[in-house]
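Quick one, fold the following:
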Amino acid sequence: MKSAIIEKPGVVMVREREVLRVSRPDEVLIKVSTCGICGTDVHIYHGEYIGSYPMTPGHEFSGTVVEVGEKVTRFAPGARVAAEPNISCDNCAACHNNRQNFCENWQAVGVTLPGAFAQYVLAPEKVVFDAGDIPFDQAAFMEPLSCVLHGIESVGIRLGENIAVIGTGPIGMLLIRTARAWGATRFTVAELSEKRLDAARRDGVAEATTDVSSLPSDRFDVVIDATGAPAMLSQAIRLARPGGRILMFGVAPQGRTATIEPFQVFRKGLSIFASYTSRRNSLQALALIGSGRVRVDDLVSHRMPLEGLETGIRKIEDRNENAMKVMVFPNEERV
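Next comes the predicted model:
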């Protein structure tokens, strides 16, 4: 089998290795159909995220079950599935208090364990979900949409609210669509890419601009940062209305800092939320994708074979490419 391996930050090689085999009674071996490149993968590529090297990334994936352990009961070879990468122990204090995303013994496919930028990947049965007849490239959105659902639930979107979203890449668009499904009615977005702004306008946003500083202060019930750029926190504080809420959703590089004026948080009585991974949202995500309530198919902009992983990362980073979701198909020579 072939695997894409980040040998060290900034260096990706596709190498042959022995085909994985199930070695634990609860394991499922999946032939990977589709794996999306996430912003977290870009951080891993640059050495800006947790984990060690060499490693095989890839955590937004779907595929077909080819082998199961003796204690697996929900799947048999041939099942079409998607997987949640975060693996909790279900036995620590965090897990017992329904904070599985902060598990003290946390592991993750594609972060601490070999991921799905490979032809085959292993995952425990408890994080694997039936994708039914959802197309593989849509089922691979289960993981990012699960994270979005956790964020939307955390910040508590309410009926009729006025939302500002900074960044309208694939995650920003999922945040808009999910907040709309939760009952928000008006959206304003800031995004540097004109092409992405056009996509947001087609999605029915009320106002779209390339200059976040041009947006009015003290207006929005909820401000969501989908960029992870540290400087956007001060903008979010400015944009939120008194008593408003801020969701820090984008992943900032480790070690970077932001400058804010704490008095403004105090004076405006703001609540600031952060959303780390997901928490038992996978079934919700698949239901929303399968029903069409949250559309994902139009977010795929590029399709790559496994050898195109590094090219895909560069396309995401190059603003001139106007990339949205870049999908990798490890078992296809040409895409």
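
Show me what counts as buried in stretch 84-101.
Under the neighbour-count criterion of 16 or more other CB atoms under 10 Å, stretch 84-101 has 84, 85, 86, 87, 88, 92, 94, 95, 100, 101 buried. Glycine gets a C-beta too; all of them are placed from N, C-alpha and C.

my read: the third one touches residue 101, true?
Yes. Residue 86 is in contact with residue 101 according to CB atoms under 8 Å; the separation is 6.5 Å.

Leaving out chain neighbours, which residue sits closest to residue 150?
residue 278 (4.5 Å; CB to CB, 6 or more residues apart in numbering).

circling back: next step: the buried residues of stretch 84-101 restricted to strands.
Judged by DSSP state E, strands contain the following of these: 86, 87.

thinking again about what came up before, which secondary structure element is home to the residue nearest to residue 150?
In this assignment (DSSP states H and E), residue 278 forms part of neither any helix nor any strand.

cool, residue 179 as well?
Element membership for residue 179, per DSSP H and E: helix 170-182.

pLDDT averaged over the next helix or strand after that helix, what's the number?
Going down the chain from helix 170-182, the next helix or strand is strand 186-190, by DSSP H and E. Averaged across strand 186-190, the pLDDT comes to 98.

now stretch 326-335
92.

Going by neighbour count, list what's buried in stretch 188-195.
Neighbour counts over stretch 188-195 (16+ other CB under 10 Å) mark 188, 189, 190, 191, 193, 195 as buried.

Can you verify my assumption that the first one contacts residue 166?
In this case it means residue 188. No. In this structure residue 188 lies outside contact range of residue 166 using CB under 8 Å: 9.7 Å.

Kindly tell me how buried the residue nearest to residue 150 is, as a neighbour count.
Number of residues near residue 278 (other CB atoms under 10 Å) recorded here: 25.

Check the spacing between it and residue 85 real quick.
According to CB to CB, to the nearest Å, residue 278 stands 9 Å off from residue 85.

shared neighbours of these two, anything?
Counting by CB atoms under 8 Å, 6 or more residues apart in numbering, the contacts common to residue 278 and residue 85 are residue 143.
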